[in-house]
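Student: starting from these lines, generate the structure:
(3 chains)
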Amino acid sequence: MKYTIKNIVELLDKYNVEYHCEGKTDAGFDGFCPLNRLKDNSLTWVRNADNLNVDELNQHHNLVLIAEKGASIPNASFSIFYVPNAHRTFFRIVQELFAEMDPEIKLPQIASTAVVETEKFGEALYVGHHTIIEKSVKLGNHVTILNNVTIQGNVTIGDYTTIESGTVIGACGFGHYWDEDEHPIDVPHFGGVVIGNHVKIGAGNTISRGCLADTVIEDYVKTDNLVHIAHNDYIKYGAMLTACVEISGSTTVGKNAWLAPGTAVREGIELGDDIYTGIGTVITKSQPAGKVVVGVPAKVLRDRKKDEH
Amino acid sequence: MKYTIKNIVELLDKYNVEYHCEGKTDAGFDGFCPLNRLKDNSLTWVRNADNLNVDELNQHHNLVLIAEKGASIPNASFSIFYVPNAHRTFFRIVQELFAEMDPEIKLPQIASTAVVETEKFGEALYVGHHTIIEKSVKLGNHVTILNNVTIQGNVTIGDYTTIESGTVIGACGFGHYWDEDEHPIDVPHFGGVVIGNHVKIGAGNTISRGCLADTVIEDYVKTDNLVHIAHNDYIKYGAMLTACVEISGSTTVGKNAWLAPGTAVREGIELGDDIYTGIGTVITKSQPAGKVVVGVPAKVLRDRKKDEH
Amino acid sequence: MKYTIKNIVELLDKYNVEYHCEGKTDAGFDGFCPLNRLKDNSLTWVRNADNLNVDELNQHHNLVLIAEKGASIPNASFSIFYVPNAHRTFFRIVQELFAEMDPEIKLPQIASTAVVETEKFGEALYVGHHTIIEKSVKLGNHVTILNNVTIQGNVTIGDYTTIESGTVIGACGFGHYWDEDEHPIDVPHFGGVVIGNHVKIGAGNTISRGCLADTVIEDYVKTDNLVHIAHNDYIKYGAMLTACVEISGSTTVGKNAWLAPGTAVREGIELGDDIYTGIGTVITKSQPAGKVVVGVPAKVLRDRKKDEH
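Tutor: Residues are numbered from 1 along each chain as shown, chains lettered A, B, ... in the order given. Got it, this is the predicted structure:
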């Protein structure tokens, strides 16, 4: 076996995680697995042990389970570590032990087919294939930009930020006036996009530049795939925009917001900090901080619970 | 004329299609057209002859109509073939007679600007321009990957599968834990994407790799454009995901499912085989097999009819 | 200061705009700003002066405000021009005075990494990096195609049309028949895409080619990002498709339609001219001209007002 119980104990000590260990103490493991695709010789974890199928786990060899402190798992013939925050602890352990298997970890490199016109970038830059970064772009340190990405216009990206493949940052926003012949004329978009530190932008996103000022995405914002962020939007610290979220122009999304998949938000409104939406929510007016809002059109359902994600 | 009634008869015999022919027997045709944009000298077809505007067809020269067996089209001055499954029969005939006009049919080729890092691919591979296929990818035989596509990480693609332009396969999934300072940290995604045979993935799709195991797309799955398939999803045999469908993480979509445009599906749930949704359906919990579900949130409306697409 | 009141007066005269000027007449300005991010020495504008925070504007130096004719803004210590159509007038002035800052204005150029296979294009073509334009494509004059764009199959694009980055035009439409073994077989798509003059297609769009005839997008159509236009669709003159709009196959969108973000439209239906939808509207059947329709499924709410955008 590549790893043993001892390796886990060392990491728990390193992170000052209090733990209680039960069961087989000489277990070893080569890899990891989720509960619904169990493999022998693996580390796994459970969020809520009440629903655990112990018999199924017992049929596998050399399983090591990370479970929540306070849970009770009787009749187990495998190893169990009870810890606070099992989710975080499990992923920290696999990140440490299996780092070389993580496709996200890249050596700094600019791919041969990438076009990097800017000279303003920091250390440890990674740029994937067929990506274009225009001259007017500024990049911080430890920036990772994957494949087939377009970054155009006045875009600034902070440190430790990652842009997934196929995303377009800095496209023209959507706005028009009508001339004397009733033809729609595109409003010019002079603004840029300012993206903070530790941000992750998913694949296939479109982030439009601002009209007269910048579109802003603060530190620790995370977006999933196919998210649209429009001109002049202001996405605050730590907001999470899941897949297929649409934020119309000149809208503010509050700190630590969690917008469920397919949430669409009208232009020019303000979502308070810590707002949380259900899947497919359509928001047509400003919403207060700290609420769960659901439906079409969205209504406040209740207060958001602490740590509700 | 390029083709005559005789060419149709030969193909119907080849495919063992029983038919009944009425009207002009010496008609010829050069091309094809849909009913709402009729052209002279064309082959066309009708799904439901009850609504057919016979007078309009009579005004065109040399029309040949494929209609459903059992239909009745009186007063027609054009040629009519009555066959079982007119839709299938019509498209088989045009596929055979006009194959050289089909942009989908490509000679094997790797475009000069494509980056194919993998050495694991079968015969008759087509790769379009500005596509990147990373070293860790495995491709079967007769795989077609069009333009500006990104395939990254541990992705396996089966035989006779096509990936349309602008799609990203193998992007990181969306998941986080929060560290002691309440900063969101990206959960590592070690899994890959396994795609079966005879699959077609549309343009601008994003398919995320799994977290601890693979995202799976079985044989004969078909997706339209701008579809999102998340980490750990399991899309079963023959499922049809139409445009702008969003499948959240760790969700199963049953065999031969038909998800209408804009359907969004919550994470961690299970949709039974043969499920069918209406446009814009938002599914918040698991759904039984064989049902039509509609609405926000989705409710079962009725049983799905045989051959309802 | 770079510009003064005099420069504005000259432009208003050039465009035959009647105006009334109040306040400081020797103001100068270097740039522009929106009302919610005021900067000294700037030109700005207001849509509805009733909600204007005059005290806040008074605290900035050298502001010049464009306001609607007939509005009243007492106690202002800054310069004000009252004009008809303040929105149009403001953007015309900034377009004229600050043209060199507009990233949209490009010199004709084909980027070194672009692949332009077609020889059928007019004057003043701009093609960005990693874009592929296949041999069968025809482009008019003054066409701008940005980065990582795919244009494949029989696509025609008219004069003064712009395609934003990451968009795919000419992908195969979504349609199938089932063979005798119940396998889904892709229906061939022989049609192309015909795009008119003065069209703007946003970033990350997917526009599928037609099946037996063409997908058509008429003059002055404008799409925002992540819009899907399916096979055989017919989008009429001046229609506006905002972000994440989904138009299913064989559907017609009427002239000067305004479809709000996230609107999804069922296949094979017809939306009348001047239709206007609310955000997240799901349209399941044809809709009459000139109406505002909202909801899931969509219902007519009222008549659309003149100039309602």
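Student: mind checking how far residue A:53 is from residue A:36?
Tutor: Look at residue A:53 and residue A:36: by CB to CB, to the nearest Å, they are 10 Å apart. The C-beta positions use only the backbone N, C-alpha and C, and glycine is treated the same way.
Student: do residue A:227 as well
Tutor: Per CB to CB, residue A:227 is found 27 Å from residue A:36.
Student: ok, residue A:62 - contacts?
Tutor: A:1, A:27, A:28, A:29, A:40, A:41, A:42, A:78 (CB atoms under 8 Å, 6 or more residues apart in numbering or on different chains).
Student: just to revisit the earlier point, looking at residue A:227 and residue A:36, which one has more neighbours?
Tutor: Set residue A:227 next to residue A:36 and count neighbours by other CB atoms under 10 Å in any protein chain shown: residue A:227 wins out with 30 against 15.
Student: I'd say the more buried one and residue A:235 touch.
Tutor: No: between residue A:227 and residue A:235 there is no contact under CB atoms under 8 Å: 10.0 Å.
Student: any residues in contact with both of the two?
Tutor: A:241, A:247.
Student: OK, contacts around the residue lying closest to residue A:282 once chain neighbours are set aside?
Tutor: Nearest residue to residue A:282 in three dimensions, chain neighbours excluded: residue C:280, at 3.4 Å (CB to CB, 6 or more residues apart in numbering or on different chains). Contacts for residue C:280 (CB under 8 Å, 6+ apart) come out as A:264, A:282, A:296, A:297, C:260, C:261, C:262, C:263, C:296.
Student: on that earlier part again, intersect the contacts of residue A:62 with the contacts of chain C.
Tutor: Among the contacts of residue A:62, no residue lies close to chain C (CB under 8 Å from any CB of the partner chain).
Student: so which of these are in strands?
Tutor: Using DSSP state E, A:28, A:29, A:42 are the members of the contacts of residue A:62 that sit in strands.
Student: quick one, what contacts the residue nearest to the first one when sequence neighbours are not counted?
Tutor: Leaving out its chain neighbours, the residue that sits closest to residue A:28 by CB to CB, 6+ apart is residue A:1, at 2.5 Å. Residue A:1 makes contact with A:28, A:29, A:30, A:41, A:62 under the criterion CB under 8 Å, 6+ apart.
Student: how many other residues sit next to the closest residue to residue A:42 other than its chain neighbours?
Tutor: Among residues not flanking residue A:42 along the chain, residue A:33 sits closest, at 4.3 Å (CB to CB, 6+ apart). Using other CB under 10 Å, residue A:33 is surrounded by 19 other residues.
Student: next: the one 5 residues further on.
Tutor: Taking other CB under 10 Å as the criterion, the count of residues near residue A:38 is 16.
Student: wait, it touches residue A:56, no?
Tutor: Yes: with contacts counted by CB under 8 Å, residue A:38 reaches residue A:56, the gap being 6.7 Å.
Student: ok, which stretches of the stretch 1-150 of chain A are helices?
Tutor: A:5-14, A:54-58, A:86-97 (DSSP state H, counting those that start in this stretch).
Student: can you put those helices in TSV and add mean pLDDT and distance to chain B?
Tutor: Formatted as TSV, those follow (pLDDT from 0 to 100; distance: least, CB to the nearest CB, whole Å):
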stretch	mean pLDDT	distance to chain B
helix A:5-14	95	13
helix A:54-58	96	15
helix A:86-97	96	4
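Student: most tightly packed of these?
Tutor: Mean neighbour count (mean count of other CB atoms under 10 Å in any protein chain shown) peaks for helix A:86-97 among the helices of the stretch 1-150 of chain A, with a mean of 21.
Student: packing partners of that one?
Tutor: helix A:5-14, strand A:42-45, strand A:63-68, strand B:176-178 (3 or more CB pairs under 8 Å, 6 or more residues apart in numbering or on different chains; DSSP states H and E).
Student: tell me what the longest one is packed against?
Tutor: Applying 3+ CB pairs under 8 Å, 6+ apart, one finds that helix A:5-14 contacts strand A:79-83, helix A:86-97.
Student: in stretch A:264-278, which residues are buried?
Tutor: Across stretch A:264-278, burial judged by 16 or more other CB atoms under 10 Å in any protein chain shown covers A:264-267, A:269-278.
Student: meant to ask about stretch A:288-303, not that
Tutor: The neighbour-count check on stretch A:288-303 (16+ other CB under 10 Å) flags A:290, A:291, A:292, A:293, A:294, A:295, A:296, A:297, A:298 as buried.
Student: for stretch A:219-230, same thing?
Tutor: A:219, A:220, A:221, A:222, A:223, A:224, A:225, A:226, A:227, A:228, A:229, A:230.
Student: next, give me the two most distant ones among the residues you listed.
Tutor: The largest separation in the buried residues of stretch A:219-230, counting by CB to CB, is between A:219 and A:226 at 22.8 Å.
Student: can you list the domains in chain A?
Tutor: A:3-101, A:109-303 (automatic domain parsing).
Student: ends of the last one, how far apart?
Tutor: Translated: domain A:109-303. Terminal residues of domain A:109-303 are spaced 46 Å apart (CA to CA, to the nearest Å).
Student: now do stretch A:253-264: distance to the chain's middle.
Tutor: Between the centre of stretch A:253-264 and the centre of its chain there are 12 Å (CA atoms, centre = their mean, to the nearest Å).
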